[in-house]
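[1] Structure of the sequence below:
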Amino acid sequence: MPRIIVAIGFLGFSLIGPLTYWYFKSNSVRTIFDFSKIQLLHFLLSIIGVTTIFSTSNLDNELYFVCNLSFLLYLSYCFFTFLDKKNKTEVSYLFWDKTIFITMSLLFLVFLVQYFMTTIQMHIIGTAISSVVISGLFFYMLKNPPNMLKALNKISPKPEQMIQIITALELDKLYRTQGINLTKFSNKINIPKYVISIVIRDRYSKSFPEVINSMRIKDITNKLKDPNLANVKVEELAFDVGFNSTSSFYAAFKKIVKITPREFQRKMLHDML
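    Below you'll find the model as predicted:
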């Protein structure tokens, strides 16, 4: 078999464990996952393995054994760290997460059998089974989205989390931070994104970007009513409340207020006379 084929197979196999780990860690309520340089260590096995495969053909069997062991360790860590929890309102207890874990476990068993049964027929059968498992997972997700929605609807954010989210928006005014999005907001207050989305939906009946824009526009309209700011450029006011481009500001203002900022300002100042 050409060495490039062996290397590609090894690379894909060696990355399944780290990718599974990153998925569960990103959904963990224990920590907000932030990809840092230390996370590059998860690529170490892949880099060493591929380099070794191109250097020699004597260690292929040992490398694939290490891959199986690595996959098992990742699965075990994910189970005991992210899935084996008592609190079923946590994101790792959602239906989809459990389905992902079961699918990865089935793939591990297929790869383990392939390792000990070295005939080409077993590799073909293993590949076919893997394809069926992954395709089955995909089509099951498409046909059963209510299962995921029901799991999400059962989640109840803690009162202190609700207070923290609302305080960060309405009192601390984090919406004024330029470039703020759900991920950055989540990192700032150390609350998972799914919890924030639920609180935002329940309190404001809007998506996170819509809430951010509406709060910024409310700030702007208050400033445009102030006669002392009549000579200040509207764009400067927009940047002060968090907009990072004039086009996004004008589009958001027109969508919410239905008229342009200057038209609104003239109308407000005229009414005060």
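
[2] which element is Glu236 on?
    For Glu236, the host element (DSSP states H and E) is helix 234-240.

[3] got the buried residues for that helix?
    Buried positions in helix 234-240, judged by neighbour count with 16 or more other CB atoms under 10 Å: 234, 237-239. Backbone N, C-alpha and C define where each C-beta goes, glycine included.

[4] Tell me which other helices or strands the helix or strand following that helix touches.
    Next helix or strand after helix 234-240 toward the C-terminus (DSSP H and E): helix 246-257. Packing partners of helix 246-257 (3 or more CB pairs under 8 Å, 6 or more residues apart in numbering; DSSP states H and E): helix 208-224, helix 234-240, helix 261-272.

[5] Tell me which of these sits nearest to Cys78.
    Nearest to Cys78 among the helices and strands packed on helix 246-257 is helix 208-224 (27.7 Å), distances taken as CB to CB.

[6] so, if you compare the buried residues of helix 234-240, which one comes nearest to Phe138?
    Of the buried residues of helix 234-240, the one sitting nearest to Phe138 (CB to CB) turns out to be Ala238, at 43.4 Å.

[7] Burial check on Gly207, number of neighbours?
    Small correction: residue 207 is Ser, not Gly. Neighbour count for Ser207, taken as other CB atoms under 10 Å: 13.

[8] Quick check: Phe138 vs Ser156, distance?
    Going from Phe138 to Ser156 by CB to CB, to the nearest Å gives 30 Å.

[9] er, Tyr64 actually
    Distance, Tyr64 to Ser156, using CB to CB: 45 Å.

[10] higher neighbour count, these two?
    Tyr64 (19 against 11).

[11] I'd like the distance from the helix or strand hosting the more buried one to the chain centre, please.
    Element membership for Tyr64 (DSSP H and E) is helix 60-78. The chain centroid and the centroid of helix 60-78 are separated by 25 Å, computed with CA atoms, centre = their mean, to the nearest Å.

[12] So for that helix, what gets flagged as buried?
    Buried residues in helix 60-78, defined by neighbour count with 16+ other CB under 10 Å: 60, 63-64, 66-68, 70-71, 74-75, 78.

[13] For those residues, give me CSV that also has distance to Leu40.
    Shown next, in CSV, are those (distance: CB to CB, whole Å):
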residue, distance to Leu40
Asp60, 25
Leu63, 20
Tyr64, 23
Val66, 18
Cys67, 18
Asn68, 22
Ser70, 16
Phe71, 19
Tyr74, 16
Leu75, 21
Cys78, 19
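
[14] Could you dump the residues you listed into a markdown table and include pLDDT and distance to Tyr21?
    Shown next, in a markdown table, are the buried residues of helix 60-78 (pLDDT from 0 to 100; distance: CB to CB, whole Å):
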| residue | pLDDT | distance to Tyr21 |
| --- | --- | --- |
| Asp60 | 85 | 25 |
| Leu63 | 89 | 20 |
| Tyr64 | 87 | 19 |
| Val66 | 92 | 16 |
| Cys67 | 91 | 14 |
| Asn68 | 91 | 16 |
| Ser70 | 93 | 10 |
| Phe71 | 93 | 10 |
| Tyr74 | 93 | 5 |
| Leu75 | 92 | 9 |
| Cys78 | 87 | 6 |
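
[15] In the stretch 51-200 of the chain, where is pLDDT below threshold?
    For the stretch 51-200 of the chain, the stretches with pLDDT under 70 are 84-95, 144-155.

[16] could you redo the last one with a cut-off of 50?
    For the stretch 51-200 of the chain, the stretches with pLDDT under 50 are 86-92, 146.

[17] State the distance from Phe264 to Ser214.
    Here Phe264 is placed at a distance of 15 Å from Ser214 (CB to CB).
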